[in-house]
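K.L.:
3D model of this:
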Amino acid sequence: MVLCSKLAEIVKKYPDNIAVQIKEDGAYRKYSYQEFLAIARDIGKLLVNLGVKQGERIAISVENRPEWGFIYFGIMFANAVAVPFDPCAGSLDVKYFVTDSSAKIAFIDSNLLPLFFGLLPEVSCLENIVVLEKLPVCKEKGLSGAVLKTGDLRLQKHIPEVLFSDLLRCLQGELPAPDLFPDALAAIVYTSGTTSLPKGVMLLQRNFLSNVHSIDELGIVSQSDNVLTILPLYHTFAFMVSLLIPLFSASTITYILSLKKEEILRCMRETNVTVLPAVPQLLAMFSKGIAEKMRAIPFFTRHILNMLIAIFCLVRNIFGINLNKFVLAKLHNAFGKKFRFFACGGAKLDTKTALFLHNLGFTILEGYGLTETAPIVALNSLENPRIGSVGKALPLVEIKIVNQNKKSIGEIAIKGGNVMQGYYNNQHGTAEVMRDGWFYSGDIGYIDKKGYLYIVGREKELIVLSSGKNISPEELEAHYTQALCVQELCILAIGQNEGIEEKLMAVVVPNFDYCRKEKIVNIFETIRNDLTALGLQYPAYKRIKGFVIASGELPRTRLGKLQRFAVKEKYLAELKGMKSKKSDVNRPVSAQEKEIICSSVYQKITRVLSNHLSLDRQINLADNLDIDLGLDSLGRVEQISALEKEFEMKISDSIMDNVFTVKDLFFEIEKLVLSKEFAKDNRNLFKQESGLWENIFERSLDADEQKRINLSNQIFLRVCTNFVCNIWLLIFKIFWRFKIKGIKNLPFNEPVIFCANHSSFLDGFLIASALPGWMRINTFFLGFKKYFKGQIIRYLVKFMRIALVEPGAQLVESLRICAYVLRNGKTICVFPEGTRSPDGQVKEFKKGVGILSKELKIRIVPVYINGTFRAWPRTKRFPKFCPLEIIFGKPCNAEELKNIGMSLGVDNDYAAIARGLREKVLELKNNNIGTINYTQA
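P.N.:
Presented below is the predicted three-dimensional model:
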């Protein structure tokens, strides 16, 4: 049996079933199995009429749509060989594919005409080009079946025209029966060629059919299924799971022109898709989208939901009952009510992504294969999919691990009817991978006792350090992209100089959309903290030692595989520290941007920024204020002050909330300049000589902000606050053996600023419970709004002495709230590091605390917290029990701390106070070493 006869067999059984459909302009164009076969035969007639002989090669460079399948089977009916390749391939690749395979005819999309036209003088083998129009296949009255319309190819005289009339003539004759046999060549598929010239993989009729039979034995797909095809069909994984398997199972194949997540989900709901073949990158996109929506759920509600999901997941793992599919029905219905599973391949799926989706009730059948194995080698079963494994070997396929190390890890070798004949025109390449009937894949993995295959990495991509340690970059990339501010990254081993050991470095693409949504302006610092925290979950040799920010998306293949050689070539010098990041001055400038650059507003903005920044280049519109110009939160506030003086008008502190680039800043300032509210009398507001922070603190909070901060000392509040804090104190003492030191250092009847190191969610609760009862009612804490969502929670917050602020961009708001509390005789507790320490070490203190202390003349109490990083670090979902300790130091005034900071070389007053304060906290830590059996190191 061959592919054509298999198709005819299916058509005979299910002639009226819908074979393929595509959504175009809001409607679906559909074809039955009988129509599919008729169109394929018509294309076969066309090819025979054009003189195609058995075994001649026909190129396919067409985007996904029903015509792709028609063309492929038409080539089979003409006894020819298909040569599919990427319609987005560059001219050099196209030239190589066509000339190396000696393709006689090419089916192409109309947008590729200019490319092929340019290649014609250099490609002598190509005799005809068939161009598909937007809607190339239609029903013509008086004709049995559908016919292919073609474009007019009057491009060069030596290329014969293929016109619609030619098609009509070729439809009049009978198509000879295909004279094919199982060992006949079915396709030459070119590998991606990331490290060398692409290799033409010769796949026979029996190679594809062997894979079809192996998967058919597992009973995964049936005629009731609807498979959504979004992966490019020129790749063998998509060709098998999105075309051959569905066709030979009498299923329906659905195509969609858009690859937007929203359009994909809408199509899945409209057509009741049951199976979605996907690559890891797509599943990671779905996973991140779901996780982002779950983070929008109020903090405490989200944790309760996570507990329920964990319980129901345990039920699924033990009893096989998927309760989460019903509990999270709204989530699952977004994918369509009949959706069954994802079929994942093309690259290694991150275990954490797979586990996350599995826990939510989704089913993922991850498999493994290569172009050379037509393509699937191993696959998980529906009954018992194993997270982290690519499944067991398919029926009719053998797998063995060769050259094993002590951990039974080695190269994966494959044998079976699906293994290729060899590489086209490349006997040397064939001999390198084919030995005694076994194909040596170059992939590294192992097989467990139950026969499940696990992939460790690609042998050529493994990073081998001088210590002998082997590192899989894919594993690390999957791990580090858990950082919410990271869109994608590439891990590379870089040696700064000859003879120096290679270090793991990363090229990072920030998730700017997430940063904008969460108003995170210190992007570089946030990424660094997140990568550091994630690195602590690995041994030292697997931790990233440094990173650079990419100027755009990382180069990938159409299936989402990173092209590491291209990344390394582009960023090598920067990673080595040989050059600093440069702005893209050669980027094309639009007419609108030219107008902006010439405007007086832009000139003033760049003058202000240049006066305050040390740059060796001019400022550009696309510059990111944080990454390119190095402006942190406080730097932004200082720029606001400078801009106010430059434009002689008041500028709101909140203007920077939505400003990420110089271009954003221009539009915000321009709106203010053009606004009528800034009359001349208002422009004199900032001509007075008073300081920046004095002005900011003089502005009172509005009524709504004051309502959110409950300053009252009612008896009911005092009782409730002390009751809750004492409960916490009891819990900490029983389960965490909590110790408190330095209570005698706390000042009586005086507002102070508590400043502590910060490494855990427990820190705030620990301080509140450690304070004496008379001080608790007067001590306020800052809390991020995103953790306290919901009306009930917000109501309770007023009685919990928590002042809610926005993280990141809302620095001024936070400082004004602190000033409001302190000026009303209350105490405030802040964590000067600005975020939880990713590794438990005391990080640099922000100068905001120095501003508060100096401007308001308030003393600071240094506090050192020991043990909370070990008990509940930022990377863990739940805390564990271990000893905790808190030490209160003696109050210090701003002048004392400033002198300490300046003695250490800090020349800015506020920064010197912050540095001096950090030294005081470290002093508490160092004087306390040994009082419990570990430190936060």
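K.L.:
ok so Phe524 is a helix residue?
P.N.:
Yes. Phe524: assigned to a helix according to DSSP: H, G, I helix; E, B strand; the rest coil.
K.L.:
now it: how far from Ile655?
P.N.:
21 Å (Cβ to Cβ, to the nearest Å). Quick note: C-beta positions are derived from backbone N, CA and C, even for glycine.
K.L.:
go on, Glu372?
P.N.:
Distance from Glu372 to Ile655, by Cβ to Cβ: 58 Å.
K.L.:
of the two, which one has the most company?
P.N.:
Taking other Cβ atoms under 10 Å, Glu372 and Ile655 do not tie; Glu372 has more neighbours (29 against 18).
K.L.:
thought the more buried one was touching Val419?
P.N.:
Yes. With contact defined as Cβ atoms under 8 Å, Glu372 reaches Val419; the gap is 6.9 Å.
K.L.:
low-scoring pLDDT stretches of the stretch 351-500 of the chain, where are they?
P.N.:
466-468, 496-500 (pLDDT under 70).
K.L.:
do the stretch 501-650 of the chain as well
P.N.:
Low-confidence segments of the stretch 501-650 of the chain (pLDDT under 70): 501, 577-589, 614-616, 633-634.
K.L.:
and the helices in it, which stretches?
P.N.:
Remark: helices assigned in the stretch 501-650 of the chain by DSSP state H, counting those that start in this stretch are 512-518, 523-535, 564-575, 591-598, 600-612, 633-647.
K.L.:
so which of those helices is the most packed in?
P.N.:
helix 523-535 (a mean of 21; mean count of other Cβ atoms under 10 Å).
K.L.:
how far off centre is it?
P.N.:
How far helix 523-535 lies from its chain's middle: 15 Å, per Cα atoms, centre = their mean, to the nearest Å.
K.L.:
now what about that helix, what contacts it?
P.N.:
479-480, 482-486, 506, 508, 510, 512, 515, 520, 542-544, 547, 549, 624, 626-627, 632, 835, 838-839, 873-875 (Cβ atoms under 8 Å, 6 or more residues apart in numbering).
K.L.:
before we move on, back to that, tell me, what's touching Glu372 and Val419 both at once?
P.N.:
With Cβ under 8 Å, 6+ apart as the test, Glu372 and Val419 both reach Phe439.
K.L.:
quick revisit: distance to Tyr454 for the helices of the stretch 501-650 of the chain - can I get that in TSV?
P.N.:
Shown next, in TSV, are the helices of the stretch 501-650 of the chain (distance: least, Cβ to Cβ, whole Å):
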stretch	distance to Tyr454
helix 512-518	32
helix 523-535	22
helix 564-575	22
helix 591-598	51
helix 600-612	52
helix 633-647	45
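K.L.:
and Gly783, that one's in a strand?
P.N.:
Yes. Assessed by three-state DSSP, Gly783 belongs to a strand.
K.L.:
give me the number of residues near the residue lying closest to it once chain neighbours are set aside?
P.N.:
Spatial nearest neighbour of Gly783, chain neighbours left out: Ile802 (4.3 Å); criterion: Cβ to Cβ, 6 or more residues apart in numbering. Close neighbours of Ile802, defined as other Cβ under 10 Å, add up to 22.
K.L.:
what's the pLDDT at Ile802?
P.N.:
The per-residue pLDDT reported for Ile802 equals 82.
K.L.:
for the remainder of this discussion, apply numbering that starts at 35.
P.N.:
From this message on, residue numbering opens at 35, which makes the last subject Ile836.
K.L.:
what helix or strand is Glu445 on?
P.N.:
strand 444-450 (DSSP states H and E).
K.L.:
how far off centre is that strand?
P.N.:
31 Å.
K.L.:
just checking, what packs against that strand?
P.N.:
When contacts are defined as 3 or more Cβ pairs under 8 Å, 6 or more residues apart in numbering; DSSP states H and E, strand 444-450 packs onto strand 431-436, strand 472-481.
K.L.:
CA-only coordinates of stretch 537-553 in PDB, if you can.
P.N.:
Output in PDB follows, covering the C-alpha atoms of stretch 537-553 (Å, rounded to 0.1, in the frame of the first residue of the first chain):
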ATOM      1  CA  LYS A 537      30.600  31.300  32.000                       C
ATOM      2  CA  LEU A 538      26.900  30.900  31.500                       C
ATOM      3  CA  MET A 539      25.500  34.200  30.100                       C
ATOM      4  CA  ALA A 540      22.000  35.000  28.800                       C
ATOM      5  CA  VAL A 541      20.600  37.200  26.100                       C
ATOM      6  CA  VAL A 542      17.200  38.400  27.400                       C
ATOM      7  CA  VAL A 543      14.200  39.800  25.700                       C
ATOM      8  CA  PRO A 544      12.100  41.600  28.400                       C
ATOM      9  CA  ASN A 545       8.300  41.200  28.600                       C
ATOM     10  CA  PHE A 546       7.600  44.900  28.100                       C
ATOM     11  CA  ASP A 547       3.800  44.300  27.900                       C
ATOM     12  CA  TYR A 548       3.900  42.800  31.400                       C
ATOM     13  CA  CYS A 549       6.100  45.500  32.700                       C
ATOM     14  CA  ARG A 550       3.700  48.200  31.400                       C
ATOM     15  CA  LYS A 551       0.700  46.500  32.900                       C
ATOM     16  CA  GLU A 552       2.400  46.100  36.300                       C
ATOM     17  CA  LYS A 553       4.000  49.600  36.000                       C
END
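K.L.:
before we move on, the earlier item: next secondary structure after the strand holding Glu445?
P.N.:
strand 456-457.
K.L.:
following that following strand, which helix or strand shows up next?
P.N.:
Next element after strand 456-457 (DSSP H and E): helix 461-467.
K.L.:
what packs against that next one?
P.N.:
Using 3+ Cβ pairs under 8 Å, 6+ apart, helix 461-467 sits against strand 456-457, strand 472-481.
K.L.:
chain center to stretch 540-559: distance?
P.N.:
12 Å.
K.L.:
what residues sit buried inside stretch 328-340?
P.N.:
328, 332 (16 or more other Cβ atoms under 10 Å).
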